[in-house]
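Enquirer: what would the 3D arrangement of this be:
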Amino acid sequence: MIDIEVVDIKNINFDKLNHIFYYNNGTANPKRLPSVSEIIESNRFYKDLPKDVLEKSMEYGAYLHQDVKYFLDTNEIWSDRIKKI
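Expert: As a prediction, the model looks like this:
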């Protein structure tokens, strides 16, 4: 059986520069969360894709996370695209 911890989304921070999620669990050391890429890679879903395709997908994912965070923080949909991929 898998042990799943339910967390408050507002306690999750995204380090865009390093593409890492952290969960502020109330201690001095926030818990590092696996990225979607790490989870997918661990299951070998993308093992045959070229590296440049994976990098482009990671960049797109970073912008998507930014848009989701904006919505969660403001309850508004971002009206302008920052960068078209």
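
Enquirer: wait, what's in contact with residue 78?
Expert: With contacts taken as CB atoms under 8 Å, 6 or more residues apart in numbering, residue 78 has the following neighbours: 67, 70-71. Where you see a C-beta, it was placed from the backbone N, CA and C, and this is true even at glycine.

Enquirer: how much space between it and residue 71?
Expert: Distance from residue 78 to residue 71, counting by CB to CB, to the nearest Å: 7 Å.

Enquirer: related to what we said a few turns ago, show only the entries of the contacts of residue 78 found in helices.
Expert: Of the positions in the contacts of residue 78, 67, 70-71 sit in helices, assigned by DSSP state H.

Enquirer: out of those residues, which end up buried?
Expert: Among the ones in helices among the contacts of residue 78, none counts as buried by neighbour count (16 or more other CB atoms under 10 Å).
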